[in-house]
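Undergrad: predicted structure and sequence below. I'll ask about it afterward.
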Amino acid sequence: MAKTTKTISGRVVKAVASKFFVDTEGGVKVCFARKKLKFDGNIYVGDYVEIAKDRDVFVIEKVEDRKNQLIRPYVSNVDVCLIVIAPEPEPDFLLVDKVIVNCLVEGIEPVILANKCDISKIDLSEYATIVKFFEISAETGLGVSSVFDYVKGRTVCLAGQSAVGKSSLINAILDSDECEVGELAKKIKRGKNTTRRIEIYNLGGTYLMDTCGFSMLDAVDIEPESLRLYFDDLEVFRPQCKFNTCTHINEPECAVKPHVGKEIGQGRYDRYKLIYDELTERRKNKYE
């Protein structure tokens, strides 16, 4: 019969195939999962776990309850999501808004990082009252320390398109070349995705997750009518709408629409409608 020692608390900081790297007070331990965990649920990077030594190997005995979780990529217990954009490739603000919605649904603070500001600055006026944002340059280091000070002591996930500089930002924070840095494909101005795994860097109590470029909309399970609750710049005018449940799409006497192009950015409203339509179509397909 297998002999198991007392359990040790830790956090999963990397997963490679069937191996899980767990950060403990005694250092990082390479662990395997008990069969029951493989059948009963997934183990995410970011999970707090209990491990024990079984003969010559460490095994994960238990996964603690998660504060939140995201898919694409599979990460958990996130406090802040840094949404990285850059002048090149051209910012995908629909992706930005989708990530913001997902973060708010999961109780994660979204923060926009406008990287490569040494090349060109991005107009973020639409987000001035919505989320905190920083103008930074991972190349020169401008603004990087301010970002790190803001997220200090928390668990941070990076999101964004490929080639916007997520790995370069991590290198700047780590002051190292530990992460492979992607190149921008010059002809088509699209990124080459160089991050193929999820890994957490423990920076003295600040946990920084390195993830590939992704969209998180599929992780959200909300009704289209609830989307307005996650667009604060629209919701602030809802009390003046004729109907309390106004979705600001087709209802009469909507108080939001007169403010579009003024206090509410036209782009933000257009993207709100796109996401609303996506959620509506997904619900329709679900029940067909």
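TA: All right, it came through fine.
Undergrad: shaky segments in the stretch 101-250 of the chain?
TA: Residues of the stretch 101-250 of the chain that meet the criterion pLDDT under 70 lie in 176-197, 211-220.
Undergrad: now with 80?
TA: Counting by pLDDT under 80, the ranges of the stretch 101-250 of the chain that qualify are 162, 174-198, 210-221.
Undergrad: mind listing the strands for it?
TA: 109-114, 132-135, 155-159, 184-185, 190-191, 199-203, 206-210 (DSSP state E, counting those that start in this stretch).
Undergrad: dump the ones you listed to CSV, plus distance to L95 and mean neighbour count.
TA: Placement of C-beta: from N, CA and C, glycine included. Formatted as CSV, those follow (distance: least, CB to CB, whole Å; neighbours: other CB atoms under 10 Å):
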stretch, distance to L95, mean neighbour count
strand 109-114, 12, 22
strand 132-135, 15, 16
strand 155-159, 8, 26
strand 184-185, 17, 15
strand 190-191, 13, 18
strand 199-203, 22, 17
strand 206-210, 18, 21
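Undergrad: how far does the helix ranked longest in the chain sit from its chain's centre?
TA: Ranked by number of residues, the top helix in the chain under DSSP state H is helix 266-286. Chain-centre distance of helix 266-286: 20 Å, with CA atoms, centre = their mean, to the nearest Å.
Undergrad: can you name the residues in contact with that helix?
TA: The contact list for helix 266-286 (CB atoms under 8 Å, 6 or more residues apart in numbering) reads 93-94, 97-98, 101, 126, 217, 222-224, 227-228, 231, 233-234, 247-249, 256, 260.
Undergrad: one step back: same list, the strands of the stretch 101-250 of the chain, but as TSV with distance to G265 please.
TA: Shown next, in TSV, are those (distance: least, CB to CB, whole Å):
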stretch	distance to G265
strand 109-114	14
strand 132-135	14
strand 155-159	21
strand 184-185	27
strand 190-191	26
strand 199-203	34
strand 206-210	29
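Undergrad: what's the closest of these to F20?
TA: Proximity to F20, assessed across these by CB to CB, is greatest for strand 199-203 (11.7 Å).
Undergrad: and A159, bridged to which residues?
TA: Using DSSP bridges, the beta-bridge partners of A159 come out as I83.
Undergrad: roughly how far does it sit from L70?
TA: Distance from A159 to L70, counting by CB to CB, to the nearest Å: 9 Å.
Undergrad: so what's Y207 up against?
TA: R11, V13, G46, R154, T155, V156, I200, Y201.
Undergrad: of the residues you listed, closest to G143?
TA: Distances from G143 to the contacts of Y207, taken as CB to CB, are shortest for V156 (15.3 Å).
Undergrad: ok, that closest one to V45 distance?
TA: Applying CB to CB, the value for V156 to V45 is 13 Å.
Undergrad: what do you get for T155?
TA: Where V45 is concerned, T155 sits at a distance of 11 Å (CB to CB).
Undergrad: for P87, which non-adjacent residue is spatially closest?
TA: Residue nearest to P87 in three dimensions, not counting chain neighbours: S120, with 4.0 Å by CB to CB, 6 or more residues apart in numbering.
Undergrad: roughly how far apart are that neighbour and Y276?
TA: Distance from S120 to Y276, by CB to CB: 31 Å.
Undergrad: quick check, pLDDT for Y74.
TA: pLDDT, the model's per-residue confidence, is 79 for Y74.
Undergrad: that one contacts V45, doesn't it?
TA: Yes: using CB atoms under 8 Å, Y74 makes contact with V45 at a distance of 6.8 Å.
Undergrad: now do the shared contacts for these two.
TA: Shared contacts of Y74 and V45, counting by CB under 8 Å, 6+ apart, come down to I198.
Undergrad: ok, the two, which is more surrounded?
TA: Neighbour count, other CB atoms under 10 Å: between Y74 and V45, V45 has more, with 24 against 17.
Undergrad: without its sequence neighbours, what residue ends up closest to the more buried one?
TA: Once flanking residues are discounted, V45 sits nearest to I198: 4.5 Å by CB to CB, 6+ apart.
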